[in-house]
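Enquirer: please find the sequence and the predicted model below.
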Amino acid sequence: MPAENYWYRRHLVVYEWIRARVGGLRVIDMACGEGYGAAVLARTAASVVGVDANPEAFEHARAKYGAPNVRFERALIDAFDEPCDAIAFLQTIEHVTNPDAVLDHLMGLVAGSPAPALYVSTPNVLTLAPPGAQRSDNPWHVREYRAEELRALCARHASRVELHGLYHAGRLKAHQIAIERLRWDAVHSRLGITKRFYDRFVPSISERDFALVSELDGAELDGALDLVAVLRP
């Protein structure tokens with residue numbers, strides 16, 4: 001859907017980043033949704049299992065993204081119990097009522113691998129919530145995280161935790177600067193071109209318009225759109 005392209009690309013860029021790190025591995029895409037992320041991971045992984053409890057998402061994924069090295073299972077997060085090398089658990093921890101139990105379970109699934117890794121992403125509450133608010137108005141989010149809160153959660157389940165931040169780049173960075181410094185929102189509204197502009201701009205967004213940066217490379221995580229943690233036992 002063109003109107004959803006921004007969010008699709010924002011999620012896809014993280015899947016692509018993980019894809020480059022799971023070559024030849026057994027991978028689980030936990031809470032895989034409609035399945036496009038599992039298909040991305042399967043380009044390099046030895047095998048991918050997409051797991052989701054939603055019946056509509058499961059049927060859609062199985063019908064559209066099936067491949068020789070991909071299969072989909074309909075199951076709850078804490079009920080799926082298959083050993084693997086790596087797990088992608090993206091944009092879901094904020095929906096979980098008992099995140100410690102979930103991370104403990106997922107780390108157990110990769111524990112026997114010679115190269116175990118759990119990838120967790122979540123929106124950064126500092127950029128998701130309106131200015132001055134403690135959280136966003138998303139009614140499905142149980143808890144939203146700052147970088148240090150996510151780090152503390154992950155550190156209870158892993159001996160090594162790496163944090164990365166996702167930021168606007170390319171055209172999205174230019175658009176952000178235009179809004180902040182040139183008051184572009186007021187300009188396009190005054191000119192009456194808001195719909196025409198965004199009907200063209202939003203569908204043109206690609207993965208190149210985002211950048212994933214490690215805190216080790218100087219990322220200021222408080223300003224990140226999304227936080228990505230890599231957990232290793």
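Expert: Yep, it's here. Values in this document were obtained by computation on a predicted structure and should not be read as measured data.
Enquirer: which of the helices and strands in this protein ranks last by mean pLDDT?
Expert: helix 184-191 (a mean of 76; mean pLDDT, DSSP states H and E).
Enquirer: name the helices or strands packed onto it?
Expert: helix 170-182 (3 or more C-beta pairs under 8 Å, 6 or more residues apart in numbering; DSSP states H and E). For every residue, glycine as well, the C-beta is placed using N, CA and C.
Enquirer: quick one: contacts of the helix it packs on?
Expert: 167-168, 184-185, 201, 204-206, 208-210 (C-beta atoms under 8 Å, 6 or more residues apart in numbering).
Enquirer: run through the neighbouring helices and strands of the top strand by length along the chain.
Expert: What stands out as the longest strand in the chain, according to DSSP state E, is strand 160-168. Packing partners of strand 160-168 (3+ C-beta pairs under 8 Å, 6+ apart): helix 5-19, helix 147-155, helix 170-182, strand 210-214, strand 226-232.
Enquirer: between the ones you listed, which one is closest to Thr92.
Expert: When these are compared by C-beta to C-beta, helix 5-19 sits nearest Thr92, at 11.2 Å.
Enquirer: now the closest one: average pLDDT?
Expert: In this model, helix 5-19 has a mean pLDDT of 96.
Enquirer: now render the helices and strands packed on strand 160-168 as a markdown table, adding mean neighbour count.
Expert: Compiled in a markdown table, the helices and strands packed on strand 160-168 are given as follows (neighbours: other C-beta atoms under 10 Å):
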| stretch | mean neighbour count |
| --- | --- |
| helix 5-19 | 19 |
| helix 147-155 | 17 |
| helix 170-182 | 13 |
| strand 210-214 | 19 |
| strand 226-232 | 22 |
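Enquirer: just put the ones you listed in a markdown table and tack on distance to Asn98.
Expert: Formatted as a markdown table, the helices and strands packed on strand 160-168 follow (distance: least, C-beta to C-beta, whole Å):
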| stretch | distance to Asn98 |
| --- | --- |
| helix 5-19 | 24 |
| helix 147-155 | 11 |
| helix 170-182 | 35 |
| strand 210-214 | 28 |
| strand 226-232 | 17 |
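Enquirer: if we can go back for a sec, show residues contacting the least confident helix or strand of the chain.
Expert: With C-beta under 8 Å, 6+ apart, helix 184-191 has contacts from 175, 178-179, 194, 197.
Enquirer: so how far is it from its chain's centroid?
Expert: 32 Å (C-alpha atoms, centre = their mean, to the nearest Å).
Enquirer: buried residues in that helix?
Expert: For helix 184-191, a neighbour-count test (16 or more other C-beta atoms under 10 Å) marks 184, 188 as buried.
Enquirer: export that helix as CSV, just CAs?
Expert: This file holds the C-alpha atoms of helix 184-191, laid out as CSV (Å, rounded to 0.1, in the frame of the first residue of the first chain):
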residue,chain,number,x,y,z
TRP,A,184,8.0,23.2,5.1
ASP,A,185,4.8,22.1,6.7
ALA,A,186,3.5,25.6,6.7
VAL,A,187,4.7,26.2,3.2
HIS,A,188,3.0,23.2,1.5
SER,A,189,-0.2,23.9,3.4
ARG,A,190,-0.2,27.6,2.3
LEU,A,191,0.4,26.6,-1.3
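Enquirer: of all the helices and strands packed on strand 160-168, which lies closest to Phe72?
Expert: That would be helix 5-19 among the helices and strands packed on strand 160-168, by C-beta to C-beta, at 15.6 Å.
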